[in-house]
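Novice: Got a predicted structure plus its sequence, pasted below:
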Amino acid sequence: MADSSPVSRKRVVLLGATGSIGESTLRVIAAHPDKLELVGIAARQDWAKLAGIATLHRVPHVGLFDEAACTAAKASGRFAPGTTFHAGMAGLVELARLTEADIVLVAVVGTTALEPTLAAINARKTIALASKEILVLAGKFVMAAARANGVQLLPVDSEHNAVFQCIEGHPQAGVRRIMLTASGGAFRDWPQERLAHVTPADALKHPNWAMGPKITVDSATLANKGLELIEAQCLFDLQPEQCQAVLHPQSIVHCLVEYRDGAMLAQLCPPSMTFAIQHALLYPERAPGVESPLDFTRLLSLDFKPVDTNRFPMMRLAQETMVAGGSAPAVYNAANEIAVAAFLDNRIPFLAIPQVVEQTLQVVPQQEPADLSAVLACDAEARRLAQAQLKHL
């Protein structure tokens with residue numbers, strides 16, 4: 001006789017519910033109500049959007065990093081009676097540690113995600129990680145905490161999720177290298193001389209992906225791919241020379257994993273984050289996807305070409321950062337965040353972004369942080385010195 005008992009649903013906390021990753025995650029959860037249940041959501045300050053999400057998904061726990069926004073949310077009357085509110089960084093940590101949660105999807109932009117992620121790991125929650133900055137900033141400490149607590153860390157970035165799928169079940173010693181694919185961003189087909197005149201509006205027109213402003217600019221400079229290579233080195237315990245990138249305009253192949261016998265495995269799917277998110281949330285189960293799969297009854301071309309580090313100096317700097325190790329990845333990340341914000345504010349030209357990052361890497365002393373406080377101090381110093389570099393442009 002078949003077992004008719006109901007299958008328990010995975011209970012999900014979503015940190016970063018109002019961003020592009022959050023929106024894709026909500027689509028996945030809505031598509032699988034028998035498998036996934038949303039028990040907690042958080043955002044920086046958009047409480048009105050959180051109210052809509054909480055109502056639609058009947059979410060009992062709501063967090064806002066901005067404490068004033070949390071106060072406004074409580075007073076709004078837009079949330080169901082009995083909703084529990086969580087304010088500030090302490091609130092994000094509370095959500096990450098919710099007793100009823102099984103998996104925490106971290107989609108918070110920047111270093112804000114570090115403390116809640118470590119809290120979730122220490123509470124032995126499965127982590128679905130979309131915030132690459134925390135591994136770039138403090139990967140050594142995050143991965144050590146995950147190992148110590150026996151916590152599974154499932155990558156949500158499409159490229160890292162693809163690598164995870166390609167190496168699962170294979171001995172790590174057999175991996176020669178991984179290759180992450182890069183679309184080339186908004187300016188991949190522009191002549192070099194036009195890059196001196198691009199505007200933020202130009203940079204935000206990504207040809208393949210719908211993402212937030214910062215990550216879309218990072219795709220145009222290839223800083224995003226540089227950060228992903230640093231993250232991959234940490235996630236998969238690889239040497240710098242084993243982590244490479246290749247331009248692939250179609251964004252259909254998300255990674256290539258080459259084994260020592262010369263064979264390569266690739267992961268393919270349409271350019272939508274729902275594929276990686278669903279894989280992480282339902283892992284190891286497979287279920288029908290939110291988007292239509294690739295259609296091989298239609299003409300399909302896959303093109304690849306090497307990355308020109310003269311055109312994309314952020315890739316060269318990322319490679320140098322991986323070799324340097326220590327505090328260099330944190331400096332790379334911090335300086336890039338400052339430079340991209342300045343570009344989006346029309347304070348520096350597009351081509352100045354790598355200049356700010358390179359100059360900051362040169363002036364911040366290289367060190368091997370002994371603990372998280374040292375990492376955060378290095379991050380703060382890098383941001384201060386990056387801001388100083390802006391004045392010389």
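Specialist: That came through fine.

Novice: what about stretch 165-179, average pLDDT?
Specialist: Confidence for stretch 165-179, expressed as mean pLDDT, is 96.

Novice: ditto for stretch 316-332
Specialist: Mean predicted confidence for stretch 316-332 is 96.

Novice: ditto for stretch 287-297
Specialist: Per-residue scores along stretch 287-297 average to 95.

Novice: same deal with stretch 238-248?
Specialist: Mean predicted lDDT for stretch 238-248 stands at 96.

Novice: Under the pLDDT cut-off, which ranges of the stretch 1-150 of the chain? List them.
Specialist: Counting by pLDDT under 70, the ranges of the stretch 1-150 of the chain that qualify are 1-7.

Novice: now the strands for it?
Specialist: 10-15, 36-43, 61-64, 84-87, 103-106, 126-129 (DSSP state E, counting those that start in this stretch).

Novice: would you list those strands in a markdown table and tack on mean neighbour count and distance to C70?
Specialist: All C-beta spots, glycine's among them, are computed from the backbone N, C-alpha and C. Below are the strands of the stretch 1-150 of the chain laid out as a markdown table (neighbours: other CB atoms under 10 Å; distance: least, CB to CB, whole Å):
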| stretch | mean neighbour count | distance to C70 |
| --- | --- | --- |
| strand 10-15 | 25 | 14 |
| strand 36-43 | 24 | 10 |
| strand 61-64 | 26 | 4 |
| strand 84-87 | 18 | 4 |
| strand 103-106 | 26 | 19 |
| strand 126-129 | 24 | 24 |
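
Novice: can I get those strands in a markdown table with distance to S219?
Specialist: Listed next are the strands of the stretch 1-150 of the chain as a markdown table, based on distance: least, CB to CB, whole Å:
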| stretch | distance to S219 |
| --- | --- |
| strand 10-15 | 23 |
| strand 36-43 | 23 |
| strand 61-64 | 28 |
| strand 84-87 | 32 |
| strand 103-106 | 20 |
| strand 126-129 | 19 |
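
Novice: pLDDT score assigned to P207?
Specialist: 64.

Novice: One more: the one 3 residues further on?
Specialist: For A210, the model assigns a pLDDT of 60.

Novice: How about P191?
Specialist: pLDDT, P191: 88.

Novice: And S272, by the same measure?
Specialist: 94.

Novice: Relative to A232, how far out is the residue nearest to C255 when sequence neighbours are not counted?
Specialist: Nearest residue to C255, sequence neighbours excluded (CB to CB, 6 or more residues apart in numbering): A162, at 3.9 Å. Here the criterion is CB to CB, to the nearest Å. By it, A162 lies 10 Å from A232.
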